[in-house]
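> structure for the following, please:
(one chain, ligands or ions: 2)
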Amino acid sequence: MKKTSYPKGDIRVLLLEGISQNAVDTFRAAGYSRIELLPQALPEDALKRAIADAHILGIRSRSQLTAEVLAQGKRLLAVGCFCIGTNQVDLDAAELQGVPVFNAPYSNTRSVAELVLAEAVMLLRGIPHKSAECHRGGWSKSAAGSHEARGKTIGIVGYGHIGTQVGLLAEALGMQVLYHDIETKLALGNARPAADLGDLLARSDVVTLHVPETPATQWMVGARELARMKPGAHLINASRGTVVDIEALAATLREGRLGGAAVDVFPTEPKGNSEAFESALRGLDNVILTPHVGGSTLEAQDNIGIEVAAKLVRYSDNGSTLSAVNFPEVSLPEHDGSHRLLHIHRNVPGMLSQVNAVFSSRGINIDGQFLRTDANVGYVVIDVSGAGDEQARELRDALDSIEGTLRTRVLY
Ligand SMILES: NC(=O)c1ccc[n+]([C@@H]2O[C@H](COP(=O)([O-])OP(=O)(O)OC[C@H]3O[C@@H](n4cnc5c(N)ncnc54)[C@H](O)[C@@H]3O)[C@@H](O)[C@H]2O)c1
Ligand SMILES: O=C(O)[C@H](O)COP(=O)(O)O
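Residues are numbered from 1 along each chain as shown. Ligands and ions are numbered 1, 2, ... in the order given. Okay, here's the model as predicted:
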């Protein structure tokens, strides 16, 4: 079993995909010095090599942390997704490796909502098409097909953090807000729930998607759903590329059934800025295409850099897993004057009594104990005072030898 109790100066932090300098500053301020910041995602083989040396790994939406890639992370303590989505990580595999995954569930919410609202206005006015014509030297000054947002209905699919923000901003413009969610959600402002997805599609002038990538949302908007939308209505997708069948959308737009679309996310996206972007939507004047920049504002990235780095530092220094997306959540007090032993194990019967026996058999008094479990994993944290560093390491080794242990650490 790998030990993961390292002096802070030896902890290697690898940050991929152009994560904000604020993250580096946050790690530095907390005493971490071995930080590598790369501007791009790594291809699978390079990622496997890189993860093998990293204790803390930071990624955004492009790096695919499959079970196979994660398995190379023998020293890995934690993963930070410096974004909202965590679908790019095999969360179960990470958990069963004893690796909590953190994200930034709110920091780019506003950026996405602002972009979506701006796109709704642009689409209702037919601006993408008019702009494209002007670029070609055309001049089609006309009010035909051009509408105010005021009084129109925006249908929000996925009424979570982003969806609710879009709804509030849209109401400020005088739009009617309809929403559909699989959970019962408190309606903000004058928003109203639709009876179901079909009802929302049939009644909205603009449909905007804000669901996560899950098996249920995969291709949730295809030819059938597009056919249910009002003629001339608009579709916005800034959620995940797998939510919309792009070929069906392109066909519907070519037929002129929909007014237009704004798409920020695609089933296949270029791995970096130097790779060409291919899509059936290219060349359609009434489509706003953006390169997955819904959350890419300096404000959002700066906030995300601090938020996720702070969570990783807290886990590394203190053991707290509060807000981890795949792990039993424990919020821990500081442990000044005591050693803190962390034990991550498979959640099987009898584990806690074996953990406690390690201490009782040595006559060691436990100052504090914190335990959380989920279906897969148990996470127990034990504070002991009066043990020297050497004894703490011996305790860790004894914990490590318990059958079913995934990771152990000692914090000094
Ligand atoms: N384009 C970008 O740059 C960008 C930026 C941030 C987030 N995102 C994407 O946006 C998604 C939403 O973000 P959020 O912060 O609002 O997430 P959230 O979890 O707060 O909200 C998602 C909502 O969708 C609902 N939902 C889930 N499955 C559904 C289904 N099958 N049908 C209807 N509703 C369903 C959930 O109940 C929840 O209310 C993220 O998961 C991420 O993939 C994209
Ligand atoms: O999940 C998210 O927050 C968005 O998709 C943004 O991802 P990015 O950090 O790769 O831009």
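> need the residues of the stretch 101-250 of the chain near ligand 2, please.
Asn108 (CB under 6 Å from any ligand atom). Yep, even glycine has a C-beta here, placed from its N, CA and C like the rest.
> ok, and the closest non-adjacent residue to whichever residue of the stretch 101-250 of the chain sits closest to ligand 2?
Residue nearest to ligand 2 within the stretch 101-250 of the chain: Asn108 (5.3 Å; CB to the nearest ligand atom). If you skip the residues right next to it in sequence, Asn108 has Gly295 as its closest partner in space, 3.1 Å away by CB to CB, 6 or more residues apart in numbering.
> do Ser331 as well
What sits nearest to Ser331 in space, not counting adjacent residues and going by CB to CB, 6+ apart, is Leu322, at 4.3 Å.
> how close does the residue lying closest to Leu77 once chain neighbours are set aside get to Tyr32?
Closest residue to Leu77 in three dimensions, ignoring its sequence neighbours and counting by CB to CB, 6+ apart: His55, at 4.9 Å. Distance of His55 to Tyr32, given as CB to CB, to the nearest Å: 10 Å.
> overlap of the contact sets of these two?
Taking CB atoms under 8 Å, 6 or more residues apart in numbering as the contact rule, the neighbours common to His55 and Tyr32 are 11, 13, 316.
> hmm, who's touching stretch 282-289?
For stretch 282-289, the surrounding residues in contact (CB under 8 Å, 6+ apart) are 119, 122-123, 126, 128-129, 132-133, 250, 253-254, 259-263, 277, 279, 281.
> which of these count as buried?
Among the contacts of stretch 282-289, those that count as buried by neighbour count (16 or more other CB atoms under 10 Å) are 119, 122-123, 126, 128-129, 250, 253, 259-263, 279, 281.
> domains in this protein, by residue range?
Structurally, the chain divides into domains by automatic domain parsing as follows: 1-108+297-327, 109-289, 330-412.
> got those domains as JSON lines, with distance to ligand 1 and mean pLDDT columns?
Shown next, in JSON lines, are these (distance: least, CB to the nearest ligand atom, whole Å; pLDDT from 0 to 100):
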{"stretch": "domain 1-108+297-327", "distance to ligand 1": "4", "mean pLDDT": "94"}
{"stretch": "domain 109-289", "distance to ligand 1": "2", "mean pLDDT": "97"}
{"stretch": "domain 330-412", "distance to ligand 1": "19", "mean pLDDT": "94"}
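> quickly note the distance from Glu114 to Ala233.
Relative to Ala233, and taking CB to CB, Glu114 is found at 21 Å.
> how about Ala172?
Taking CB to CB as the measure, Ala172 and Ala233 are separated by 21 Å.
> and if you look at His292?
Note on His292: its distance to Ala233, by CB to CB, is 24 Å.
> so who does the residue most central in space within the chain touch?
Among the residues of the chain, the smallest C-alpha distance to the mean C-alpha position (CA atoms, centre = their mean) belongs to Gly85, namely 2.3 Å. The neighbourhood of Gly85, defined by CB under 8 Å, 6+ apart, consists of 61, 103, 212-213, 240.
> among these, which pair sits farthest apart?
Considering CB to CB, no two members of the contacts of Gly85 lie farther apart than Asn103 and Arg240, which are separated by 14.2 Å.
> so which of Glu114 and Ala233 has more stuff around it?
Ala233 (25 against 15; other CB atoms under 10 Å).
> grab the nearest non-local neighbour of that one.
Closest residue in space to Ala233, ignoring its immediate chain neighbours: Asp205 at 5.4 Å, by CB to CB, 6+ apart.
> the one you found: neighbour count?
By the measure other CB under 10 Å, the count of residues near Asp205 is 22.
> my guess is it contacts Leu235, does it?
No. Distance between Asp205 and Leu235: 10.9 Å, which falls outside the contact criterion (CB atoms under 8 Å).
> quick one: furthest residue from the center of this protein?
Taking CA atoms, centre = their mean, the residue of the chain most remote from its mean C-alpha position is Gly363, at 44.5 Å.
> just say helix, strand or coil for it.
On the three-state scheme (DSSP: H, G, I helix; E, B strand; the rest coil), Gly363 is labelled coil.
> contacting residues around it?
Remark: with contacts taken as CB under 8 Å, 6+ apart, Gly363 is in contact with nothing.
> ok, and does the longest helix seen in the chain reach over to ligand 2?
The single longest helix within the chain, with elements called by DSSP state H, is helix 298-318. No. Interface with ligand 2: helix 298-318 contributes nothing (CB under 6 Å from any ligand atom), its closest point being 7.4 Å away.
> which outside residues touch whatever helix or strand comes next after that helix?
Downstream of helix 298-318, the next assigned helix or strand under DSSP states H and E is strand 339-346. Outside of strand 339-346, the residues within contact range by CB under 8 Å, 6+ apart are 96, 98, 318-319, 332, 351, 355, 376-385, 387, 389, 392, 395-396, 399, 402, 404-412.
> if I look at the closest residue to ligand 2 within the stretch 201-350 of the chain, how far off is ligand 1?
Residue nearest to ligand 2 within the stretch 201-350 of the chain (CB to the nearest ligand atom): Gly295, separated by 3.9 Å. Computed with CB to the nearest ligand atom, to the nearest Å, the distance linking Gly295 and ligand 1 is 4 Å.
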